[in-house]
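here is a sequence with its predicted model. Questions after.
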Amino acid sequence: MENSDVLLRMEGISKSFPGVKALDDVSLTVKAGTVHALMGENGAGKSTLMKCLFGVYAKDEGHIYLEGNEVDFKTSKEALENGVAMVHQELNQALKRNVMDNMWLGRFPKISKYIPLTSESKMYDATKKVFDDLEIDVDPKRIMSTMPVSQRQMVEIAKAVSFNSKVIVFDEPTSSLTEEEVEHLFKIINMLRDRGCGIIYISHKMEEILRISDEVTIMRDGKWIATRPASELTMNEIIRLMVGRELTNRYPEKDNVVGEPILEVKNLTAMYSKLRDVSFSAKKGEVLGVAGLDGSGRTELLENIFGIATRKEGEIYLHGNRIKNRSAKESLANKFAMLTEERRATGIFAIRDIQANTTISSLPRYKNGPFLSEKKLTDATKWGIDAMRTKTPSQKTQIRSLSGGNQQKVILARWLLTEPEILLLDEPTRGIDVGAKYEIYQLILNLAKEGKSVIMVSSEMPELLGVCDRILVMSGGRLAGEVDAKTTTQEEIMTLAAKYA
């Protein structure tokens with residue numbers, strides 16, 4: 001590390017929300033030309049600390065110094081103008097607008113200082129220049145909603161870089177990226193580090209942290225726990241500091257008994273995606289994984305089964321009986337449930353509380369006569385909070401105020417309350433810490449032990465190998481193969497994933 005000058009210093013930062021102290025006297029020092037990782041369980045306060053830096057939240061106590069000068073940004077615009085950028089975990093983009101509109105929103109280039117109209121050509125050229133510098137292959141005129149999450153994430157990263165920021169915060173940047181895209185991101189981060197930027201990197205993926213970071217700060221329950229050079233830390237030491245205890249196994253022991261096929265999918269072909277001619281079965285008590293590269297059709301497969309994407313051809317059989325699943329409502333009636341990949345866009349009802357988000361898919365169960373029973377709603381929500389170990393001040397807390405991982409737990413509890421026979425999970429542990437991941441794996445295996453069939457999409461190969469019984473591998477919208485999780489290798493899965501790509 002050539003440059004060890006302190007770029008950012010946060011001292012004694014505290015922040016409270018109704019019923020919870022999110023930050024308690026937290027300090028953080030970031031040097032120029034370094035990557036400083038910020039780690040902790042969901043709800044540890046990592047994102048809250050960064051939002052206090054970025055002007056999203058007003059801190060209650062403490063001081064922030066940027067290049068030695070005290071700052072207190074009131075808005076994210078002010079932070080960006082002073083050289084602090086943040087790539088948020090939850091993408092918040094104008095999906096009906098194109099890429100370059102999203103890149104320059106609020107700072108559109110004008111035709112000239114005399115003609116205050118937006119110059120489309122200047123905006124296109126500026127976007128292309130940033131993308132070329134970062135080797136990002138995206139059409140600046142493409143509409144955001146037509147792009148996969150991973151490409152939208154890369155646009156957000158490019159936008160942060162375009163501000164020529166001194167400090168860039170990456171909050172779970174690889175949660176929706178493929179391995180190839182992660183390598184590309186690391187290349188960008190190393191380039192920014194070489195330019196003298198201070199990078200704050202939040203992730204639950206410890207292999208990434210140990211590889212990319214110079215220093216690591218660990219938080220727990222809103223407090224600072226430790227700051228160490230990354231070279232002195234091991235994965236087990238990070239877990240111990242994060243959770244306050246040893247975590248010997250990353251995956252629970254599998255003791256589910258796999259029975260006969262209960263779900264059969266035949267020649268499934270989608271109307272509006274490249275998914276075509278996919279056939280497979282899922283067995284009673286089985287955890288069936290779905291692997292594949294981004295854009296391989298993994299998500300589209302689940303969406304077609306659950307009826308939230310339009311099928312062109314294909315048949316679905318449950319217990320030998322043909323079912324239609326033409327909508328989410330029909331699928332719920334057929335005992336299917338689906339956890340979607342993007343919880344912010346298609347999972348949570350952001351302005352509603354925990355109780356509403358937990359019970360919304362099974363409301364008829366909580367009636368007394370024609371009216372909803374507050375006691376039944378409260379009891380069901382309490383079960384969800386306890387079963388998932390969700391950190392929330394109360395059932396009446398708005399879900400948008402929870403950490404991403406705790407939001408995920410609420411949605412998972414929602415679907416478990418519908419008592420599904422077939423549970424479709426799209427990236428169920430995305431953005432979730434190692435301790436909470438273990439709890440979710442245990443829940444998945446418990447469901448399998450009860451005779452449910454779980455179909456799980458994941459871009460984390462070790463997760464599929466550690467939790468699943470069989471793994472389907474998608475490639476180019478087709479089923480490239482099926483492997484036994486006990487005997488397969490990551491190399492075999494990757495080879496199949498590239499078959500039709």
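Arrived safely, thanks for sending. Numbers count the residues shown, from 1 in each chain.

show me where the stretch 251-400 of the chain has its helices.
Using DSSP state H, counting those that start in this stretch, the helices assigned to the stretch 251-400 of the chain run over residues 298-306, 328-333, 343-346, 354-359, 374-388.

as a markdown table, those with mean neighbour count and distance to Asp194 would be great.
Every residue, glycine included, has its C-beta placed from N, CA and C. Formatted as a markdown table, the helices of the stretch 251-400 of the chain follow (neighbours: other C-beta atoms under 10 Å; distance: least, C-beta to C-beta, whole Å):
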| stretch | mean neighbour count | distance to Asp194 |
| --- | --- | --- |
| helix 298-306 | 24 | 35 |
| helix 328-333 | 16 | 48 |
| helix 343-346 | 17 | 33 |
| helix 354-359 | 24 | 44 |
| helix 374-388 | 17 | 42 |
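
please, which helix or strand holds the residue nearest to Leu339 when sequence neighbours are not counted?
Excluding the flanking residues, the one nearest Leu339 by C-beta to C-beta, 6 or more residues apart in numbering is Leu425, at 4.8 Å. Using DSSP states H and E, Leu425 sits in strand 422-426.

helix, strand or coil for the residue lying farthest from the centre of the chain?
Most distant from the centre of the chain: Tyr114, at 44.3 Å, with distances by C-alpha atoms, centre = their mean. Three-state call for Tyr114 (DSSP: H, G, I helix; E, B strand; the rest coil): coil.

re earlier: now the angle from the strand holding Leu425 to helix 298-306?
Counting by axes from the mean of the first three to the mean of the last three C-alpha atoms, to 10 degrees, strand 422-426 points 150 degrees away from the direction of helix 298-306.

quick one: contacts of the helix or strand following strand 422-426?
Sequence order places helix 434-449 as the next helix or strand after strand 422-426, per DSSP H and E. Helix 434-449 is touched from outside by 41-42, 204, 206, 239, 242-243, 247, 249-252, 254-257, 285-287, 387-389, 405, 409, 412, 416, 423, 425, 428-429, 432, 454, 456, 463, 466-467, with contacts defined as C-beta atoms under 8 Å, 6 or more residues apart in numbering.

buried residues in helix 434-449, which are they?
434-441, 443-445, 447-448 (16 or more other C-beta atoms under 10 Å).

avg pLDDT for it?
Mean pLDDT, helix 434-449: 86.

can you give me how far that helix is from the chain middle?
Helix 434-449 sits 17 Å away from the centroid of its parent chain (C-alpha atoms, centre = their mean, to the nearest Å).

what angle separates it from helix 374-388?
Going by the same axes, to 10 degrees, helix 434-449 makes 110 degrees with helix 374-388.

which other helices and strands contact the host helix or strand of Arg240?
Assigned by DSSP H and E, Arg240 falls within helix 235-243. Counting contacts by 3 or more C-beta pairs under 8 Å, 6 or more residues apart in numbering; DSSP states H and E, helix 235-243 packs against helix 206-212, strand 215-220, strand 223-229, helix 434-449.

what's the shortest one packed up against?
It stands for strand 215-220. strand 20-31, strand 34-39, strand 223-229, helix 235-243.

just name the most buried of these.
Of all these, strand 34-39 has the most neighbours on average by mean count of other C-beta atoms under 10 Å, namely a mean of 25.

now it: average pLDDT?
Mean per-residue pLDDT for strand 34-39: 94.

contact partners for Glu172?
89, 202-204, 404, 431.

wait, doesn't Gly106 sit right on Ser76?
No: judged on C-beta atoms under 8 Å, Gly106 makes no contact with Ser76 at a distance of 10.0 Å.

more neighbours: which of these two?
Neighbour totals were compared for Gly106 and Ser76, and Ser76 leads with 17 against 7 (other C-beta atoms under 10 Å).

and stretch 460-471, how far apart are its ends?
12 Å (C-alpha to C-alpha, to the nearest Å).

what's that stretch in contact with?
Looking at what lies outside stretch 460-471 - C-beta under 8 Å, 6+ apart - the contacts are 250-251, 254, 256, 258, 283, 286-291, 429, 437, 441, 444-445, 456, 458, 482-486, 488, 490, 493.

could you list the buried residues of that stretch?
Neighbour count says stretch 460-471 has 460-461, 463-471 buried, by 16+ other C-beta under 10 Å.

quick one: which of those residues sit in helices?
461, 463-467 (DSSP state H).

make JSON lines out of the buried residues of helix 434-449 and add distance to Glu180.
Shown next, in JSON lines, are the buried residues of helix 434-449 (distance: C-beta to C-beta, whole Å):
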{"residue": "Val434", "distance to Glu180": "24"}
{"residue": "Gly435", "distance to Glu180": "29"}
{"residue": "Ala436", "distance to Glu180": "27"}
{"residue": "Lys437", "distance to Glu180": "23"}
{"residue": "Tyr438", "distance to Glu180": "28"}
{"residue": "Glu439", "distance to Glu180": "30"}
{"residue": "Ile440", "distance to Glu180": "26"}
{"residue": "Tyr441", "distance to Glu180": "26"}
{"residue": "Leu443", "distance to Glu180": "31"}
{"residue": "Ile444", "distance to Glu180": "27"}
{"residue": "Leu445", "distance to Glu180": "30"}
{"residue": "Leu447", "distance to Glu180": "32"}
{"residue": "Ala448", "distance to Glu180": "31"}
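
which of the contacts of Glu172 sit farthest apart?
Within these, two members stand farthest from each other by C-beta to C-beta: Ser203 and Gly404, at 12.0 Å.

could you dump the contacts of Glu172 to CSV with neighbour count, pLDDT and distance to Asn334?
Shown next, in CSV, are the contacts of Glu172 (neighbours: other C-beta atoms under 10 Å; pLDDT from 0 to 100; distance: C-beta to C-beta, whole Å):
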residue, neighbour count, pLDDT, distance to Asn334
Gln89, 23, 70, 33
Ile202, 22, 91, 39
Ser203, 23, 86, 38
His204, 25, 79, 34
Gly404, 21, 74, 30
Gly431, 23, 69, 30
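
out of those, which are inside helices?
With helices taken from DSSP H, the overlap with the contacts of Glu172 comprises Gly404.

in CSV, list the contacts of Glu172 along with distance to Val6.
Output for the contacts of Glu172, formatted as CSV (distance: C-beta to C-beta, whole Å):
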residue, distance to Val6
Gln89, 26
Ile202, 20
Ser203, 23
His204, 27
Gly404, 29
Gly431, 29
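
between the contacts of Glu172, which is closest to Phe371?
Using C-beta to C-beta, the contacts of Glu172 come closest to Phe371 at Gly404, 34.1 Å.

would you check that that closest one makes contact with Thr48?
No: contact criterion C-beta under 8 Å: Gly404 and Thr48 do not qualify, at 11.7 Å.

low pLDDT regions in the stretch 301-450 of the chain?
Confidence mapping of the stretch 301-450 of the chain against pLDDT under 70 gives the ranges 344-345, 431.
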